[in-house]
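Student: predicted model and sequence follow; I will ask about them next.
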Amino acid sequence: MTTAERTAAPSAEVALADGGPNRAAAGKGRPSTDRLLNALYLLASLTLLTLTWQFVSWIVGADVLPGPWASVAAVAQSQREGFLWSDMGITAYRIAGAFLIALATSLVVGALLGRIRIAERLFGPWVTIGASIPSLVVIVVVYLAVGIDDRAAMIGTALIVAPAMIYAVWDGVRAINPDLQEMARTFAVPRHIILRRVILPQTAPFIFTAARTGLSLTWRIMIFVELLGRSSGVGYRIQYYYNLVDMNRVVAAAVPFIGLMLAFEFVVLRPIERFVFRWRRSEAQ
């Protein structure tokens with residue numbers, strides 16, 4: 001074997017071990033193909049949803065559930081009247097505040113309950129009790145205690161949403177493999193490395209589940225809170241048009257914000273999730 005052949009041999013072995021140039025080329029092309037397929041599936045899903053919406057509207061009647069085209073026309077009318085974007089902005093601000101309060105509470109409380117046994121025994125039942133209190137009672141008490149303003153709307157919504165998020169974080173902390181932590185301590189691994197390499201990778205899926213569940217709950221509860229005690233926002237607009245028995249405008253008030261939440265899911269939340277769990281794709285390759 002010549003010197004050139006001996007030099008090329010290890011490179012060939014490395015290429016074969018890595019799957020060869022074909023696999024490398026396939027790895028480069030796969031993300032764009034996956035994004036195209038995801039976009040096509042999303043388009044097909046929304047088309048099927050629109051057809052189902054129209055079908056249900058035919059069954060129950062347009063006076064009960066307006067069809068998609070009538071709802072789009074009502075959204076355009078709301079935009080021309082000038083309150084569509086202001087309502088969405090006000091509600092989005094309240095949802096963001098309530099969600100951040102609930103998320104911070106769930107991370108702190110869930111971590112304490114999952115890591116400290118005595119805290120779990122003493123305060124674990126409180127989470128169950130909090131999840132069992134009717135939403136209306138929480139909202140009324142907070143409105144009476146704080147006042148009927150945006151701060152009360154955020155706090156009341158956060159108190160209702162937080163127990164479900166705490167459960168998810170709590171389960172994630174309890175699911176941490178203690179053997180990995182013990183091994184890391186045995187080898188004197190620094191605490192910040194243990195947090196980044198051991199604890200966060202195991203708890204991140206549960207945190208994302210808590211965030212996704214909490215965000216959807218926050219949106220629905222906030223509409224109810226606005227309906228009860230606010231004079232602005234999407235919830236107030238839904239109540240206003242319901243009192244006028246104008247179902248076109250009721251649906252038109254909700255549809256744009258549903259679209260906004262859907263855009264947040266696909267444009268913000270999922271890219272962050274892909275970035276955090278990019279190590280899974282690298283291991284799969």
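Tutor: Cool, got the structure.
Student: next helix or strand past the helix or strand bottoming out on mean pLDDT in the chain?
Tutor: Least confident helix or strand of the chain, by mean pLDDT, DSSP states H and E, is helix 3-17 with a mean of 42. Using DSSP states H and E, the next helix or strand after helix 3-17 towards the C-terminus is helix 20-60.
Student: other SSEs contacting that next one?
Tutor: Helices and strands touching helix 20-60, as assessed by 3 or more Cβ pairs under 8 Å, 6 or more residues apart in numbering; DSSP states H and E, comprise helix 68-81. To be clear about C-beta, it is placed using only N, CA and C from the backbone, and glycine gets the same treatment.
Student: now the helix it packs on: how far from the chain's centre is it?
Tutor: The chain centre lies 27 Å from the centre of helix 68-81; the measure is Cα atoms, centre = their mean, to the nearest Å.
Student: what mean pLDDT does the helix or strand following it get?
Tutor: Where DSSP H and E defines the elements, the next helix or strand beyond helix 68-81 is helix 84-115. Averaging pLDDT along helix 84-115 yields 91.
Student: just the buried positions in helix 84-115, please.
Tutor: Buried residues in helix 84-115, counted by 16 or more other Cβ atoms under 10 Å: 84, 87-88, 90-92, 94-95, 97-99, 101-103, 105-107, 109-114.
Student: what angle sits between it and helix 68-81?
Tutor: Taking axes from the mean of the first three to the mean of the last three Cα atoms, to 10 degrees, one finds helix 84-115 and helix 68-81 inclined to each other by 110 degrees.
Student: from Met88, how far out is Pro66?
Tutor: 19 Å (Cβ to Cβ, to the nearest Å).
Student: can you check Ala152 too?
Tutor: Distance from Ala152 to Met88, by Cβ to Cβ: 21 Å.
Student: one more: Ile221?
Tutor: To Met88, Ile221 is 17 Å away according to Cβ to Cβ.
Student: cool, Ser57 as well?
Tutor: Counting by Cβ to Cβ, the gap from Ser57 to Met88 is 24 Å.
Student: please name the nearest non-neighbouring residue to Asn248.
Tutor: Distances taken as Cβ to Cβ, 6 or more residues apart in numbering put Ala74 closest to Asn248, at 4.2 Å, once the chain neighbours are dropped.
Student: in this structure that neighbour contacts Ala252, no?
Tutor: Yes: between Ala74 and Ala252 there is a contact under Cβ atoms under 8 Å: 3.4 Å.
Student: neighbour count winner among those two?
Tutor: Per other Cβ atoms under 10 Å, whichever of Ala74 and Ala252 has more neighbours is Ala252, with 25 against 21.
Student: so who does the more buried one touch?
Tutor: Taking Cβ atoms under 8 Å, 6 or more residues apart in numbering as the criterion, Ala252 is in contact with Ser71, Ala74, Val75, Gln77, Ser78.
Student: list buried residues within those residues.
Tutor: Buried by 16+ other Cβ under 10 Å: Ser71, Ala74, Val75, Ser78, out of the contacts of Ala252.
Student: greatest separation within these: which pair is it?
Tutor: Maximum pairwise distance in the buried ones among the contacts of Ala252, criterion Cβ to Cβ, is 10.4 Å, between Ser71 and Ser78.
Student: and Gly61, backbone torsions?
Tutor: Note on Gly61: backbone dihedrals following degrees, to the nearest 10 are phi 100, psi 140.
Student: could you check how far it is from Ala254?
Tutor: 18 Å.
Student: now Pro68
Tutor: Relative to Ala254, Pro68 is positioned 13 Å away (criterion: Cβ to Cβ).
Student: next one: Thr157
Tutor: 17 Å.
Student: the two - which one has more neighbours?
Tutor: Thr157 (31 against 16).
Student: you'd agree that one is up against Leu100?
Tutor: No: using Cβ under 8 Å, Thr157 is not in contact with Leu100, being 11.1 Å away.
Student: show me where the stretch 151-285 of the chain has strands.
Tutor: For the stretch 151-285 of the chain, no strands are identified by DSSP state E, counting those that start in this stretch.
Student: closest to the centroid, which residue in this structure?
Tutor: Residue closest to the mean C-alpha point of the chain, counted by Cα atoms, centre = their mean, is Arg212 at 2.3 Å.
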